[in-house]
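*Asks:* quick one: sequence plus predicted model below, questions after.
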Amino acid sequence: MNMIHNLPWLFLLLPLVVAAIDWVCLNKHPRLAATLSLLSAAATLGLCIAYLTGLQTGTPGVYTWMPCSLEQLCLHLGLVMDPLAMRMMLVVTGIGLLVHFFSIGYMKGDPSNLSRYYAGLSIFMFSMSTIVLADNLAMTFIGWEMVGFSSYLLIGHWFNKASAADAAKKAFITNRVGDFGFLLGILLTLGFFGTMNFADMAGKAAGIAPAVLTVTIVCLFCGAVGKSAQFPLHVWLPDAMEGPTPVSALIHAATMVAAGVYMLVRLQVSMGTEAFTETACNIIAWTGAITAIIAAIMAVQQDDIKRILAYSTLSQLGYMVMAVGLLAGEAAMFHLYTHAWFKALLFLGAGAIIICCHHEQDIWKMGGLTKRMPLTVLCFMMGTCALIAIPGFSGFFSKEAILDAALSKNPVFFWIGAGVAALTTFYMLRLCIVAFMGPARDHGAEHAKEAGFTMALPLVILAVMAVISGYGFIANDLVPFNGFHAHGFALGLPFYVSMGALALGILLALAIYGLGGRTKDPLAGNCISKALRNRLYIDALYDKVIIGGLQQGFAHVMEFLDCYIIRGIICQTLVWFTVRIGYLCSWLQCGSLRAYTLVSAMGLIILILLLAYQF
Amino acid sequence: MNIVSTYTWCQFAPAFALVGLAALLILADALLPKLPKRIYAFIAAMGTFVAAYFLSNGEHADSFGCIASIATGLSILLAFDYTKVCCESIAGGDNEDGTGEFYALPLVACAGILCLTQARDLVMLFVSLEVITLTSYVMAGYFRRNQGSIEAGIKYLVLGAMSTGILVYGTAWYFGMIGSFNLGPETVIAALKGGVAGSPSLAIGFMMSIALLFAGAFFKIGAAPMHVWIPDVYQGAPTPTTAFLAVASKTAGFVVLCALALPFTQFAVPGSLIGKVLVTTFAIVAAATLLIGNLGAMRQTNVKRLLGYSSIGQAGFILIFFLQLQGPVTFFVCKYLLAYALATIAAFYAVAMVRTQRGSEEIAAFRGLGKTNPRTAFLITVCFASLAGVPLTMGFMVKLYSFVTVISVIQNWDAFCWLLPIMVVTAAAGFYYYFKVLRAMYWEKSQPGVPALQVPLCTSIVLALCAIALIYMGTMPLLTLG
């Protein structure tokens, strides 16, 4: 077989085919559907490992999907196989496989249609792989929309629940806003770079005016703002927690929301950093920084275990975007990679806790879980340590890398990063103290038991990764970045500051929440807490001012135009003419043979006049 | 006059095979009256598929013939699922007497089409065309207990005879002007230069013959002004015959038109008078066809009649390809015909199924299918969506090529801008009337107590294959349109 060079296409085709089979044929056989999805995830992971350990199959073929006479307007589908893409694939398929496995335990006994659920997971794997392996922006965009679609399906998996259906809609529509900018950005890229292909973009930036570059990059960045839930489009991510928890772990923590960062780094690598003008960089870095801060602040007063994690995801994504804005793509990808493992761990741990507490998500109704489910809590604590960057855990290395980069480029971002680190420590310890220590505060927590094997195994594997993945000997081979090299660790200002932030967070959390004796939040009840619980009123602002005011006003104007000008004048005239011609036709078509012959004969005369008269 | 045959026996092998098969079947029908007639339908259909396979590649590859044979086979298979209505309308009740020929006749017509695609002169063209037409007359009026079918048969016969007359008259003019029946660029060039005598009046006479011949071809494809027979005949004729007329017979019409129009290739350059005249004629005919077909369809409530108008409208979009005169005209015509054939045949299967089980061919009979038969409804949706030209179906791709062609023609000739709005409006009208069926399936409730349709095996297979093919070719345009 000389088709072997097309082997990487299996990354896309396998999950796609499995999704189709699950969807169409296996509606009545959820177990079979689950097995198929699991096998496809395992197969893609195996393939990915094979490539990372040195399998060579040559360049995969490029498929011209939409041919066009102008070469640069053709839509090609091709795959990039550089370390950036392949190692990202390892994160996607690795966490994907664990999540598939975890889902078997998590979704057991769920009354909804599980074949649909696994089909959704598989179609997500397909879409995410498309983004990661895409060799041009058009293909990225296709994957981009497809992940949005699969995220919509999975958030709304329990569509009978109104809140889930609304959240799915919100996520989809909010992403639409960002995608509009992304599409503009792609068109601008095509216009000014003359290509959508990543491989051909290098060096083209030099000949383009900085203002144009800025606009292009900012438009492309809009896509990342939507998909990676950056301020001001961050509102959909906390609501997306309505979906099943394994979905939150895979899509809304580890992979899809990181796609924005991946896309920006991919652009930085292929266009060269000179394409990212200073203005564009500032916009990107500040967006990331603002997101990191406000998300961390809002997380402080959340009670729902998944929402706390969601805000922490937002804030960590803010870190990554900030790093991209500081032109430190290497640090951003490092953090993306460690974050993927430990955040998936935290979400899956939260999922196990939720299931074992009989679908209880409020941390104030938990408590005392350390004794009842020690393994889960231990794994969760590993994830927490990595997230709050305790030295020796993976998160520490990557956060240090970002802080280093910030200090060398712009100290303001360094101090913002340090502040967010203190807040992170505080709210994560708050979660752990309240949920795990002290006495059980509700029946669910009282009767909690250790999670079953299918849930425990992924937790343990992820916990191991959360600890070790930051060390150089692993990171050098696995961090999705071309030629990544872990920097030697040095004592210095960044280290002392982050240790200070860590200590500050721990002390504050212990001072306020003690060792789990409290039954309600001592910080609650004042106006600040209320504002934080209401997400700083940003959602309300969108609802009232942008949707209720601006959009409705605009809609009224458009409705007037539509009703009176378009429908009233233009359409009615067209309809009048069309209907009259229709009448004429049916009048000719009266059923009488004589009339038919007459029409044909007249037609023939016209035809002869047309063709022969002019000679 | 020296007649030298330019044909080889080999060229007509598939046609002979089909005629032989038809003769065998008719003999068997006479000698073995006990045999279930469905077997004939099955054998006949398989015969056309085998013919299509031999035509699909190799030395005698012939895409028009291939499309026509597959379409014929599918319309015979349609009769297979339609036996109940066939028996009722032919001998009455469950009696199968006299239904055997109904399955064998399309084979003869198909053989006619296969000869037609090989024709390089007017005699061959005329004879093969008459083979198709004469068979079609019989098929259209075959349901003798059904008034509509008889009316359709008569109307088709009278109007068809008129068109044959025009064709013969045109052939006579052709021979009279240039002393040859040959179709080819050399003949055309010689004729337009005034022949040996160099007289300008010869060109006028030649164009007169071309006009008459075009009229004959337009009759077959249902282009204005020769479209008048289509709605009545399509509605009245037995559904399998309608499917045959709508696809296979229309393919034959386009073969004729290609044979007549394409020798003018080298006059396609802007500035030549003859080129301008031809392109103008095609533009006007296409525009009229588009308008009549698509706007006339909007008021229809009978699905067969609607599909009749739709076939006129689609012919308009195909005629657009002839405007370029040059380039891969036959290629695009073939692709469009393929998309049209797949979707239209599937639509007729759906109509036949609904007619057999709900007793009506009105759009209203499709009500509630989305609820009772969701999968079948989806397949029907794909076919009608393709006819309307929804993206990701083949119908979209070919319609797109039609638009691209018109734009390039407008650029080349710096004229005919008015064609574009007409195409846009008529394509939009298409969405309106095709979606009437979909609206009935999904948004309108059926009368209470109407049971779900039992989808016959053949119908489900054909619907699924057509829908899959349409989507596949719509999403992978390079493989099919490259």
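*Replies:* In hand now; what should we look at? Numbering: from 1, shown residues only, chains lettered A, B, ... in the order given.

*Asks:* contacts, neighbours, all on C-alpha from now
*Replies:* OK.

*Asks:* tell me the secondary structure for the closest residue to A:Trp286 other than its chain neighbours?
*Replies:* Spatially, and ignoring its direct neighbours in sequence, A:Trp286 is nearest to A:Met322 (6.7 Å; Cα to Cα, 6 or more residues apart in numbering or on different chains). What DSSP: H, G, I helix; E, B strand; the rest coil gives for A:Met322 is helix.

*Asks:* which residues touch B:Pro225?
*Replies:* Contacts for B:Pro225 were tallied using Cα atoms under 8 Å, 6 or more residues apart in numbering or on different chains; they are A:Val599, A:Ser600, A:Gly603, A:Leu604, B:Phe218, B:Val285, B:Ala288, B:Thr289.

*Asks:* most neighbours, which of the residues you listed?
*Replies:* Neighbour counts for the contacts of B:Pro225 (other Cα atoms under 10 Å in any protein chain shown) peak at B:Thr289, which has 27 neighbours.

*Asks:* so that one is in contact with B:Gly316, correct?
*Replies:* Yes. Using Cα atoms under 8 Å, B:Thr289 is in contact with B:Gly316, at 5.1 Å.

*Asks:* shared neighbours, the two?
*Replies:* B:Ala223.

*Asks:* need phi/psi at the closest residue to chain A within the stretch 251-400 of chain B.
*Replies:* Relative to chain A, the nearest point of the stretch 251-400 of chain B is B:Gly296 (4.8 Å; Cα to the nearest Cα). With angles defined as degrees, to the nearest 10, B:Gly296 sits at phi -70, psi -30.

*Asks:* count the residues that sit near it.
*Replies:* 28.

*Asks:* which residues touch it?
*Replies:* For B:Gly296, the contact set (Cα under 8 Å, 6+ apart) comprises A:Ile581, A:Gly582, A:Tyr583, A:Cys585, A:Ser586, B:Tyr309.

*Asks:* try it again at 10 Å.
*Replies:* Contacts of B:Gly296 were listed using Cα atoms under 10 Å, 6 or more residues apart in numbering or on different chains, and they are A:578-579, A:581-586, A:589, B:231, B:290, B:306, B:308-310, B:312-313, B:429, B:433.

*Asks:* over to B:Ala350?
*Replies:* B:78, B:303, B:344, B:356, B:361, B:366, B:376-377, B:379-380, B:383, B:455, B:459-460, B:463 are the contacts of B:Ala350 under Cα under 10 Å, 6+ apart.

*Asks:* swap in 8 Å and give it another go.
*Replies:* B:Ala350 touches B:Ile380, B:Thr459, B:Leu463, counting by Cα under 8 Å, 6+ apart.

*Asks:* can you check A:Gly517 too?
*Replies:* Contacts of A:Gly517 (Cα under 8 Å, 6+ apart): A:Met437, A:Gly438, A:Pro439.

*Asks:* where does the chain dip in pLDDT?
*Replies:* Reading this off chain A. A:1-2, A:68-72, A:488-489 (pLDDT under 70).

*Asks:* oops, wrong one, chain B.
*Replies:* B:1-4, B:194-198, B:200, B:478-482.

*Asks:* domain map for it?
*Replies:* Structural domains annotated on chain B: B:13-165+B:228-263, B:268-482, as defined by automatic domain parsing.

*Asks:* for the chain, longest helix please?
*Replies:* In the absence of a named chain, chain A is used. Longest helix in chain A by number of residues (criterion: DSSP state H): helix A:162-193.

*Asks:* to clarify, I was referring to chain B.
*Replies:* Chain B, longest helix under DSSP H: helix B:147-178.

*Asks:* A:Arg580 should be in a helix, yeah?
*Replies:* Yes. Under three-state DSSP, A:Arg580 sits within a helix.
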